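>>> below: sequence and its predicted model.
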Amino acid sequence: MDIETEHTDSGRRRFLKGLAAAGAAALPVSTGAAAPERKKQYGMLLDTRRCVGCQACAVSCRSENDVPLGHERSWVEQIDKGSYPNTTVKFLPRLCNQCSEPQCVSVCPTGATYKREQDGIVVVDNDICIGCKYCIQACPYDARFLNPKTGVADKCDFCADRLAQGRQPACIQTCFFRARIFGDLNDPDSEIARLIATNPVTVLRAEMGTMPNVFYIAAEHMGEADARHYDQHIRVTTYRSTRERR
Amino acid sequence: MKDGASGAKARVTLPRRGFLGACAAVGAGAALGVRSLGGGTAAAMPQPQDAGVSVIPSTCNMCVNRCGIVCYVKNGVLEKIDGDPRNPLSGGGLCAKGQAGVMQLYDPDRIKYPMIRTGKRGEGKWRRASWDEAFDYTADHLARIVKKHGPQALLWSSSTELSEAFFVKLGKYIGTPNFARHATLCLASRNVGYFATLGGVPGSDLANARYILMFGANRLESFETPDNITLVEGLARGARLVVVDPRMTVTAAKGQWLPIRPRTDMALTLALMHVLIKHDLYDKTFVRNATVGFPALKAHVGKYNPEWAAKETGIPAATIVSMAHEMAAAAPAVVIYPGRRSSWYTNDTQFRRTLGMLTGLLGAIDARGASNFGAGAVTLGDIEWEIEPLDVAERVDGFNEKNFPLAAHEDGGYVHLRDTLLQGKGKYPVKGWMVYKQNPLAAMLDSSKTLKLMEQMDFIGVIDIQPSQTAWMADIILPETTYLERLDPIWAPPARRKFIGIRQPVVAPQFESKPLLDIIKGLAAKLDKRHHFETPLSKAFNFTIEQYVDAQLKALPIDRKTLMKEGIWLAPPETAEFGRYRRGEKKFSTPSGKIEFVAERFQRNGYPPLPVYEPPKEEPGKQRLVTGRPAWYTHSSNQNNPWLNALQPENDIWIHPDVAHAKGIRDGEVVRVRSAAGEVRIKALVTPRIRKDTVYMAHGFGSRSTGQTTVKGRGGADETLMVSQADTITNNQALHETFVEILKV
């Protein structure tokens, strides 16, 4: 199974390569060794075999986090491939990957965005963020947006408020099919750690070096740009209000 | 297992593909967490953690599944709805629609106070009225019709809802026989077909099935709890899923898609029975002990061989043969899925019979992983109704034992009713139309006819929460509260783990909306003032909703206040018992007590006792139109919800690439779609997920109601295009019998 399919969005990657080069001087060099050891690193596992693309998670997230229409903290893409009658339809839930080498943190001029010590969630301090949008540009996953109501950068924070109350994130709670699993990646006895250890998993854009903490089972990594290379019909529907897939 | 006397049978290994794809780690992968259905967890109600936040349990109403919900309310504002993990049918999940319930409550377009039409019907000119005036106005119009034409001149429409009984009772006490409920808009054919064959519609143990055959029944988009959940569990455990559908739905995408030629489904089921019998693959013991009519069935399917079926359906004969072998190898853990919406074709009842017959032939019933009867419901009490319904005239349209012997007469046959009235063939005039929680102008095929029916009415009154297409044509709209603002009769569904759920207000009624019982009481009081009914109508509704709920709970070990706090009461668990029907300890609810291949009820009433295949019509140069829905829409009820509309602002028409190419139509281009009934303009979605001879439109768009500001003018209405047809036995409307031309604009 080809799990390293590159996205041919070359213009974007050139920009980001430049960014990474600029940022490299400011960052500790990543030697491939693990990012600073955390007691807890929350992560998510998306089993796309179970996902039916019903968008319950996306709407639950919008409700929980007051995400304004026109923007999303989490969304589910639909990838149609193939020719009649050999067509496939797969789904790709998307959200902030809570990276261990987060590009957004490395470019933030104010330190408003940072990775939490206690659990590895990448958060934004709304009081410090100046809305410069540098992080929104930097994110390889297009997971951030400028919230028109607050004027600051916004993104999935694994429903940190719900976690503090002992509740599951809104997307996890609502999924009928348990396509989303949440937990502490550093706890080898956790359900998520066991599933990752015993299933073939991939991450998105592994080549970016961001070390995502969101994993996928059976993800469809192809996009419309791949259609030319593979000479087949591929349609990506993002179910995002205004944006194409990035 | 099988009757071994007939010798070795081909045992086909069920291929493990599709769901698990190329991944080899089947064993480990199967350990994915499952939602704990069946309830019984001792988990308490979630408790509020934030100051000022109330956590209130209730029951969703964004579709008919009525999942358990837990509502987070702060300062009288609903902030979030979570699923209730203790609910045995939904297990704590809640779909996009349920999550968007917040926006049903806060939809800026919702009806806020009674509205009386000032301009022409449908013009959208309204004036606000007080409830006192609204009750007067409505009672006045109804009473005038009753006085001039008799109470039978009222058409009384409603769809299933926890409080629907109050609306229906008012109609009964006024004295009309002309009810039109939702059954013939949806599933009457399935019910009658199954009742005649198996004695009822069984549940499906999808989680434990080894082979699942689904015709249409798009469970992974058209959710039906718990089946949508248990289907995914069954797939995760390696069940083989075969989905027969002219288009590739999400459900088809999770299994093997058989793109059948539309309206040839019966050819496939008859051919499967042919193969099962010819190759001795059927369950001989079960057939001998628990069915009647096998010799006639065997003779009947003799000519329906796989080669013949391949020509009819487009499904290769070898596929049909191997399906039969695989099913037989997996039996009894096979689910021949009954489906729900059976509003496809004019022969749906007979087709649904063949699904029941296949079930019986395989012995795929009363066993683990099969179809099963046995999910009962908690028995509720009833209020003591103080008056009896009146003796009433017969129905205006003769929808009765004599003319439609097997139909559900209480529910009415919508197409027959409309045809009768439009052709002036009613037994008497019908001049008034009251509608509750139903949208007939969108729901019925060939909407131009529904509009004509509306023209016949002196009065149209609609009780609804939003300005639906039907409400927009009314003379008065009476705003009901949403499900989040009212106490309703108790929810007690059939379930493996029996339970009851509360539906209670999580916020106060917004604006001037009223719960249905209060609307009925107001109407009853004003009607009594204007018309002498033998017993005053008010006397019938002389109770509060609290008293009604108390009466329902009387015999149960829980009271209303506790149920409002807890949200749910679980009956003691019952162990699933398989084999009682197989051993003859329990009888099927058919005249013979057995599964009937030859349907005695059909024979008695002059219908073919064994289903006879009819080749479908074709119209060269045209495509057959089918409809359905995505996971975020329910019928025509929530396309205006801003959170759901954001996912899909308009519908489109699915067209096969070759068809589009031949017509010079590009993906996303607006096209004209024309049928004998009407024409719409709609965007084309050029997709390989559908046959060349078929096109698909999701239902619920093209609304005439400009009161629905989010969705008005968006998309196209399938009901405008659909030619009026109905199943011959049940009068279930047949939505997939229309051929359309796709034309460039």
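The structure has been received and is ready for your questions. Residues are numbered from 1 along each chain as shown, chains lettered A, B, ... in the order given.
>>> what's the local residue count around B:Ser342?
28 (other C-beta atoms under 10 Å in any protein chain shown). Heads up, the C-betas are built off the backbone N, CA and C, glycines and all.
>>> OK, contacts around it?
By C-beta atoms under 8 Å, 6 or more residues apart in numbering or on different chains, B:Ser342 lies in contact with B:Cys186, B:Leu187, B:Ala188, B:Ser189, B:Arg190, B:Gly193, B:Asp348, B:Thr349, B:Arg352, B:Asp727, B:Asn732.
>>> mind checking how far the nearest residue to A:Ala170 once chain neighbours are set aside is from B:Lys683?
Of all residues not flanking A:Ala170 in the chain, A:Glu64 sits nearest, at 3.7 Å (C-beta to C-beta, 6 or more residues apart in numbering or on different chains). Per C-beta to C-beta, to the nearest Å, A:Glu64 is found 32 Å from B:Lys683.
>>> more neighbours: which of the two?
Neighbour comparison, A:Glu64 and B:Lys683: the larger count goes to A:Glu64, with 24 against 16 (by other C-beta under 10 Å).
>>> the more buried one and A:Cys96: what is the separation?
15 Å.
>>> try B:Gly234
Counting by C-beta to C-beta, the gap from B:Gly234 to A:Cys96 is 33 Å.
>>> what is the helix or strand hosting B:Lys561 packed up against?
For B:Lys561, the enclosing helix or strand under DSSP states H and E is helix B:560-566. Counting contacts by 3 or more C-beta pairs under 8 Å, 6 or more residues apart in numbering or on different chains; DSSP states H and E, helix B:560-566 packs against helix B:545-553.
>>> for the helix or strand containing B:Arg127, which helices and strands make contact with it?
Following DSSP H and E, the helix or strand that holds B:Arg127 is strand B:126-128. Using 3+ C-beta pairs under 8 Å, 6+ apart, the elements in contact with strand B:126-128 are strand B:115-117.
>>> buried set for the strand it packs on?
B:Met115, B:Ile116, B:Arg117 (16 or more other C-beta atoms under 10 Å in any protein chain shown).
>>> so who does the second one touch?
Pointing back at B:Ile116 there. When contacts are counted by C-beta under 8 Å, 6+ apart, B:Ile116 touches B:Trp126, B:Arg127, B:Ala129, B:Glu133, B:Ala134, B:Tyr137, B:Asp475, B:Ile476.
>>> only the buried subset of those, as a PyMOL command please.
In PyMOL syntax, the buried subset of the contacts of B:Ile116 is picked out as below (16+ other C-beta under 10 Å):
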select buried, chain B and resi 126+129+134+137+475+476
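>>> turn the contacts of B:Ile116 into JSON lines, including distance to B:Pro338 and pLDDT.
As requested, these are exported to JSON lines (distance: C-beta to C-beta, whole Å; pLDDT from 0 to 100):
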{"residue": "B:Trp126", "distance to B:Pro338": "43", "pLDDT": "98"}
{"residue": "B:Arg127", "distance to B:Pro338": "48", "pLDDT": "98"}
{"residue": "B:Ala129", "distance to B:Pro338": "46", "pLDDT": "98"}
{"residue": "B:Glu133", "distance to B:Pro338": "48", "pLDDT": "98"}
{"residue": "B:Ala134", "distance to B:Pro338": "43", "pLDDT": "98"}
{"residue": "B:Tyr137", "distance to B:Pro338": "45", "pLDDT": "98"}
{"residue": "B:Asp475", "distance to B:Pro338": "40", "pLDDT": "98"}
{"residue": "B:Ile476", "distance to B:Pro338": "40", "pLDDT": "98"}
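>>> hang on, B:Thr346 packs against B:Ala734?
Yes. Taking C-beta atoms under 8 Å as the definition, B:Thr346 is a contact partner of B:Ala734 at 4.8 Å.
>>> more neighbours, those two?
Taking other C-beta under 10 Å, B:Thr346 and B:Ala734 do not tie; B:Ala734 has more neighbours (25 against 19).
>>> and stretch B:85-92, how far out from the chain middle?
21 Å (C-alpha atoms, centre = their mean, to the nearest Å).
>>> same thing with stretch B:470-489?
Its chain's C-alpha centre and that of stretch B:470-489 lie 20 Å apart, by C-alpha atoms, centre = their mean.
>>> now check it, is it near chain A?
No. Contact of stretch B:470-489 with chain A (C-beta under 8 Å from any C-beta of the partner chain) is absent, the minimum separation being 13.2 Å.
>>> just the terminal-to-terminal distance for that stretch.
26 Å (C-alpha to C-alpha, to the nearest Å).
>>> next, the buried residues of it.
Residues B:470-489 are the ones in stretch B:470-489 that count as buried (16+ other C-beta under 10 Å).
>>> any chance of the buried residues of strand B:115-117 in a markdown table, plus distance to B:Thr59?
Shown next, in a markdown table, are these (distance: C-beta to C-beta, whole Å):
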| residue | distance to B:Thr59 |
| --- | --- |
| B:Met115 | 28 |
| B:Ile116 | 32 |
| B:Arg117 | 33 |
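>>> from those, which single one is nearest chain A?
Among the buried residues of strand B:115-117, B:Met115 lies closest to chain A (C-beta to the nearest C-beta), at 27.0 Å.
>>> the closest one touches B:Ala129, doesn't it?
Yes. Contact criterion C-beta under 8 Å: B:Met115 and B:Ala129 qualify, at 6.9 Å.
>>> mutual contacts of the two, please.
B:Ile476.
>>> what distance separates stretch B:559-569 from the centre of its chain?
Distance, stretch centre to chain centre, for stretch B:559-569: 28 Å (C-alpha atoms, centre = their mean).
>>> buried residues in that stretch, which are they?
By 16+ other C-beta under 10 Å, the buried positions in stretch B:559-569 come out as B:Arg560, B:Leu563, B:Met564, B:Glu566, B:Gly567, B:Ile568, B:Trp569.
>>> how about the residues you listed, which pair is most distant?
Spatial extent of the buried residues of stretch B:559-569 (C-beta to C-beta) is set by the pair B:Arg560 and B:Ile568 at 13.4 Å.
>>> and stretch B:505-514, how far out from the chain middle?
In terms of C-alpha atoms, centre = their mean, the centre of stretch B:505-514 is set 28 Å apart from its chain centre.
>>> ok, the buried residues of stretch B:559-569 vs B:Glu307, which is closest?
Of the buried residues of stretch B:559-569, the one sitting nearest to B:Glu307 (C-beta to C-beta) turns out to be B:Ile568, at 54.0 Å.
>>> next up, the contacts around the closest one.
B:Gly39, B:Pro57, B:Gly68, B:Asp84, B:Arg86, B:Asn87, B:Phe499, B:Ile500, B:Gly501, B:Ile502 are the contacts of B:Ile568 under C-beta under 8 Å, 6+ apart.
>>> where does the third one fall, phi/psi-wise?
The main-chain torsion angles of B:Gly68 are listed as degrees, to the nearest 10 and equal phi -70, psi 140.
>>> I'd say it and B:Asp82 touch.
No. Using C-beta under 8 Å, B:Gly68 is not in contact with B:Asp82, being 9.7 Å away.
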